[in-house]
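>>> okay, predicted coordinates and the sequence, questions at the end:
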Amino acid sequence: MAHRPISIVNLSLEFPHKVCFNGFSTQILPGDRIAIIGRNGTGKSSLVKMLLGEMDGTTGRISGLDGLNIGYVPQTVLEHDNLSGGERFNKAFSEALACNPDVLILDEPTNHLDQNIKYSLLRKLDGYTGTLIIVSHDLDVLTGAVDKLWHIKDGKITVFSGDYDDYIAEQDILFGVRQHTLNELKKQKKQIKVEKQKEQQRMDKKRVIKDKNKMAFDGKADKNQLKSGAKIARLREQLETVQNNISQNRLPENLQPNFVLDSAYVSSSSTLVSVSFGSCGYAVGAPVVSNIYFSMGPKDKVAINGNNGSGKTTFVRALMQSPGIIYDGDWHLPKSNEIGYVDQHYANLDINSTVFQTIKDTNVFVTDQEIRKHLNSFLFRKNEEVFSKVNTLSGGEKARLSLAQIAARPPKLLVLDEISNNVDLDTKNYILDVLKQYPGAFVLISHEKAFVNALPLTAQYVIKNGMLANQK
């Protein structure tokens, strides 16, 4: 049975250091399929908690939740710790659906899912007839599972009917119209200034006439000047309005990374990694991955695919020579201190350090000015950003800082484990910007097909049934 409308009236979320959103009013109707989108730290998960009745807004109210059967799967499923991340989500999702909820709320559901489980999820969502609310950065979800977007940006929530492709197309059109209007207003302002200057020149030439005529002219000139001044004032107001609208819809800046390379960075050998007749696991005689024939040159870019629990993380741990790994076969690997590792939790960062100190500790830059310049290229510019503690950063900011750290001292082999999880679309593009320009070798684990396909890879491997194979 359809639920009554859920009303949101003048809802806001504010903290001492920022305003996430304010003045949000809308209705959730039975059968709505809503995606909540926005950058990391804008308040998406907090809004979900308000819808669950677990948190109040700073102002405003949500009514119509009483008596509703709400199914909810959080971003990180903690139960069933004997299962992989994807398997834990799948079990929690099945349990939520089994309750036949009026409203189903999912927070970043595809973060840990391989392609098979993700497409199974999308099929199940397609068959779900209740009200659906999803927090997601996944393009497959945003273009295939919803028909309404709530975009949290610049302190407000914009409601759009349509999928993400429709939304981006409309934003591009609006940006183009506003940019054209801005250019026309600038032309008008320039022309009025020219006319004002000409009027001033005419007035100066006629100052030699008789006093009575001069006085008459001055009165007329003053009127013309007032008229021109009023026009410029009106145009200035219009310019400010249009510029503000454009800034709110401006595409995010691209990162311009500068990779600091020392003379020993590029390997003199044509082979950086070589494994033959290889296997690896956690116990003698019980390999997780077998049939390993794998090699990389000093500039190769490789993606490792495979279902949840297939052994991808075990394999990259073997490449990094992690403790507890049992090897068999012929393995030739870089030294452990020549390998860098970044995962979705950014464990490479010291949470008690600051942004500035993180880069200073690389011992690459001589002066504070060089450190600031390097951080600036990764969009850390203001003092409050540069000297923020790592533990206060959003997921997107941690991703940018990790990238800045890598660029300051690139390892011979960089291992990236699901680095596109938990980050907004802008940050994913920042990561792509850096990896497309990365001068050395990297191994990437990712379930996100669009993210992988956007990279200039030299090879892709798949782990299936405990075997590593090259995807031709």
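Right, received. Where do you want to start?

>>> so what sits opposite residue 296 in the bridge?
residue 273 (DSSP bridges).

>>> let me see the contact set for it.
If you count contacts by Cβ atoms under 8 Å, 6 or more residues apart in numbering, residue 296 has them with 271, 272, 273, 302, 413, 441, 443. For glycine as for every other residue, the C-beta is placed from the backbone atoms N, C-alpha and C.

>>> mind giving me the PyMOL select for the residues you listed, buried ones only?
Here is the PyMOL command that selects the buried residues among those (16 or more other Cβ atoms under 10 Å):
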select buried, resi 272+273+302+413+441+443
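
>>> let me have the contacts of residue 296 in a markdown table, extended by pLDDT and secondary structure.
Compiled in a markdown table, the contacts of residue 296 are given as follows (pLDDT from 0 to 100; DSSP: H, G, I helix; E, B strand; the rest coil):
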| residue | pLDDT | secondary structure |
| --- | --- | --- |
| 271 | 89 | coil |
| 272 | 92 | coil |
| 273 | 95 | strand |
| 302 | 96 | strand |
| 413 | 93 | strand |
| 441 | 94 | strand |
| 443 | 96 | strand |
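
>>> now do the strands in the stretch 151-300 of the chain.
156-161, 273-281, 287-296 (DSSP state E, counting those that start in this stretch).

>>> now, which of the contacts of residue 296 sits nearest residue 365?
Comparing the contacts of residue 296 against residue 365 with Cβ to Cβ places residue 413 closest, at 23.2 Å.

>>> separation between the closest one and residue 300?
According to Cβ to Cβ, to the nearest Å, residue 413 and residue 300 sit 10 Å apart.

>>> tally of neighbours for residue 262?
Under the neighbour criterion other Cβ atoms under 10 Å, residue 262 is assigned a count of 9.

>>> avg pLDDT for stretch 418-432?
Throughout stretch 418-432, pLDDT has a mean value of 85.

>>> residues in contact with it: which ones?
With Cβ under 8 Å, 6+ apart, stretch 418-432 has contacts from 37-40, 75, 108, 111-112, 137, 139, 252, 254-255, 342-344, 379, 395-396, 399-400, 402-403, 444-448, 451, 454-455.

>>> keeping just the C-alphas, turn stretch 306-322 into CSV.
Provided in CSV are the C-alpha atoms of stretch 306-322 (Å, rounded to 0.1, in the frame of the first residue of the first chain):
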residue,chain,number,x,y,z
GLY,A,306,37.7,-9.9,-10.4
ASN,A,307,34.7,-10.6,-8.3
ASN,A,308,34.5,-9.9,-4.6
GLY,A,309,36.6,-12.5,-2.7
SER,A,310,38.5,-13.6,-5.8
GLY,A,311,41.9,-12.8,-4.4
LYS,A,312,42.7,-9.3,-5.8
THR,A,313,43.8,-7.9,-2.5
THR,A,314,45.9,-11.0,-1.7
PHE,A,315,47.7,-10.6,-5.0
VAL,A,316,48.6,-6.9,-4.5
ARG,A,317,49.7,-7.7,-0.9
ALA,A,318,52.1,-10.2,-2.4
LEU,A,319,53.4,-7.6,-4.8
MET,A,320,54.0,-5.3,-1.8
GLN,A,321,55.7,-8.1,0.1
SER,A,322,53.2,-7.8,3.0
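
>>> buried set for it?
Buried residues in stretch 306-322 (16+ other Cβ under 10 Å): 306-308, 310-320.

>>> what helix or strand is the nearest residue to residue 348 once chain neighbours are set aside on?
Distance criterion Cβ to Cβ, 6 or more residues apart in numbering; nearest residue to residue 348, sequence neighbours excluded, is residue 342 at 5.5 Å. Residue 342 is part of strand 339-343 when elements are defined by DSSP states H and E.

>>> what's the following helix or strand after that strand?
helix 355-360.

>>> name the residues that touch that next one?
349-350, 365, 371-372, 374-375, 380, 385-388, 390, 393, 401, 404-405, 408.

>>> what helices or strands is the helix or strand just after that helix leaning on?
Following helix 355-360 in sequence order, the next helix or strand is helix 368-376 (DSSP H and E). When contacts are defined as 3 or more Cβ pairs under 8 Å, 6 or more residues apart in numbering; DSSP states H and E, helix 368-376 sits against helix 355-360, helix 395-408.

>>> go again with 6 Å.
helix 355-360 (3 or more Cβ pairs under 6 Å, 6 or more residues apart in numbering; DSSP states H and E).

>>> mind listing what's buried in the helix it packs on?
Within helix 355-360, judged by 16+ other Cβ under 10 Å, the buried ones are 355, 356, 358, 359, 360.

>>> can you pick out the most distant pair from those?
Once Cβ to Cβ is applied, the buried residues of helix 355-360 give 355 and 360 as the farthest pair, at 9.8 Å.

>>> what helix or strand is residue 42 on?
Assigned by DSSP H and E, residue 42 falls outside every helix and strand.

>>> count the residues that sit near the closest residue to it other than its chain neighbours.
In space, and not counting its chain neighbours, residue 42 is closest to residue 152: 4.2 Å by Cβ to Cβ, 6+ apart. A count of nearby residues for residue 152, using other Cβ under 10 Å, gives 22.

>>> do the same with the one 10 residues further on
Residues contacting residue 162 under the criterion other Cβ under 10 Å number 14.

>>> and the pLDDT for it?
85.

>>> equivalent analysis for residue 18, please.
So, for residue 18, pLDDT stands at 81.

>>> where along this structure do the helices fall?
44-51, 85-98, 115-127, 139-144, 164-205, 211-249, 312-319, 355-360, 368-376, 383-386, 395-408, 425-437, 449-453 (DSSP state H).

>>> average model confidence for the first one?
Averaged across helix 44-51, pLDDT comes to 93.

>>> just the second one next, same as before
Here helix 85-98 scores 85 as its mean pLDDT.

>>> can you point out the buried residues in that helix?
So helix 85-98, judged by 16+ other Cβ under 10 Å, has buried residues 85, 86, 87, 88, 89, 90, 92, 93, 96, 97.

>>> which one of those residues is nearest to residue 2?
residue 97 (17.8 Å).

>>> I'd guessed the residue nearest to residue 348 sits against residue 402; true?
Yes. With contact defined as Cβ atoms under 6 Å, residue 342 counts as touching residue 402 (5.1 Å).

>>> buried subset of the contacts of helix 355-360 as a PyMOL selection?
Applying 16+ other Cβ under 10 Å to the contacts of helix 355-360, the buried members can be selected in PyMOL as follows:
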select buried, resi 349+365+371+372+374+375+380+385+386+388+390+393+401+404+405+408
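
>>> okay, and the beta partners of the nearest residue to residue 470 once chain neighbours are set aside?
In this structure, residue 470 finds its nearest non-sequential neighbour in residue 461, 5.6 Å apart by Cβ to Cβ, 6+ apart. Here residue 461 sits in beta bridges with residue 304, residue 470, as judged by DSSP bridges.

>>> residue contacts, residue 461?
304, 468, 470 (Cβ atoms under 6 Å, 6 or more residues apart in numbering).

>>> let's go with 8 Å and repeat that
Counting by Cβ under 8 Å, 6+ apart, residue 461 has contacts 294, 302, 303, 304, 305, 468, 469, 470, 471.

>>> great, nothing more from me.
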